[in-house]
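Novice: with the input below, show me the fold.
(one chain, ligands or ions: 1)
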Amino acid sequence: MPELPEVEVSRLGISPHLENQRIEKIVVRHRQLRWLIPQDIHLAEGLVIQSIRRRAKYLLLDTELGSIVIHLGMSGKLHIVPSDTPVKKHDHLDIVVSSGACLRFNDARRFGSCLWQAVGQPALSVFSNLGPEPLTDDFDGKTLFERSRGKSVAVKNFIMDNKIVVGVGNIYANESLFLAGIDPRKPADKVKKKDYLALGQIIKQVLAHAIQQGGTTLKDFAQADGKPGYFAQELRVYGRLNQPCVNCIKPIQSVTIGQRNTFFCDNCQK
Ligand code: ZN
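Specialist: Residues are numbered from 1 along each chain as shown. The predicted model follows:
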């Protein structure tokens, strides 16, 4: 599943091809994604894409009347192709711009979505209750600590809660807690302030590093057969059950927390 770094890399990959381009037409081949694609997205036809932003795992293509809001779901992929490129299976949506380029959305499992956020209208419900972006100054370990008091939920679930901070998915939660030396099972309000201060910095570093790694795949966005956004990751604990810890060589343990696979070293994480 694409996590925040993959979505940010998608944004960086498609932006140079779409920004300041006029939308010639929007072709919807399969309207039923996770939610129905609203007819209103056709309001963007004839308008210029002023900017492409990311909020949590949503991409927003801004025009003067509103924004096309895209979520990749479980299996969604975005490519830039010439608009006459033959359509493949699961190519559900095209956004064709004046240069002749086309943003093509392919999603085999159809958990992705494409919505319309009109200017001046209340924010879509998908944007309500979202916490701060982890890579901005609105997020740090101090606010994590303050918001954790009185919360007995496992610290791993706490940092994966979008109301606390957006975009810390399962892989990056595992990796960040390992680097911070925090047991993922520990109740959020039992983690000390100094550990949250370190964890806040580490979450930023882990996500920024993943985006940087993904930067090497940017050229794939302009290749229909490329695999944009899914890049090899350097993982220290995630998926490494029974393999030696990179710090102390004890075998990595696995438990399920909040129905998600959780990997940790019970020697290095307290
Ligand atoms: Zn260890």
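
Novice: any stretches of the stretch 1-150 of the chain with poor pLDDT?
Specialist: Along the stretch 1-150 of the chain, segments meeting pLDDT under 70 are nowhere present.

Novice: quick one: the strands in it, in order.
Specialist: Secondary structure of the stretch 1-150 of the chain (DSSP state E, counting those that start in this stretch): strands at 23-28, 51-55, 58-62, 66-71, 77-82, 91-97, 101-106, 113-118.

Novice: nearest to residue 127, out of those strands?
Specialist: Residue 127 lies closest to strand 51-55 among those, at 6.5 Å (Cβ to Cβ). Backbone N, C-alpha and C define where each C-beta goes, glycine included.

Novice: pull the CA atoms of stretch 151-161 into CSV?
Specialist: Below are the C-alpha coordinates for stretch 151-161, written out as CSV (Å, rounded to 0.1, in the frame of the first residue of the first chain):
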residue,chain,number,x,y,z
LYS,A,151,-3.9,7.6,26.5
SER,A,152,-3.4,4.0,27.4
VAL,A,153,-3.4,2.8,23.7
ALA,A,154,-0.1,1.2,22.5
VAL,A,155,2.3,3.8,21.4
LYS,A,156,2.5,2.3,18.0
ASN,A,157,-1.3,2.8,17.5
PHE,A,158,-0.9,6.3,18.9
ILE,A,159,1.6,7.4,16.3
MET,A,160,-0.4,5.7,13.5
ASP,A,161,-3.6,7.7,14.5
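
Novice: so which bits of that stretch are buried?
Specialist: Neighbour counts over stretch 151-161 (16 or more other Cβ atoms under 10 Å) mark 151, 154, 155, 156, 157, 158, 159, 160, 161 as buried.

Novice: now swap in stretch 90-100 and tell me
Specialist: For stretch 90-100, by 16+ other Cβ under 10 Å, it's 90, 91, 92, 93, 94, 95, 96, 97.

Novice: please look at the third one and residue 28 and confirm they touch.
Specialist: Yes: at 7.2 Å, residue 92 and residue 28 qualify as touching, with contact defined as Cβ atoms under 8 Å.

Novice: which non-adjacent residue is nearest residue 140?
Specialist: Counting by Cβ to Cβ, 6 or more residues apart in numbering, residue 200 is the residue found nearest to residue 140 once chain neighbours are left out, at 4.6 Å.
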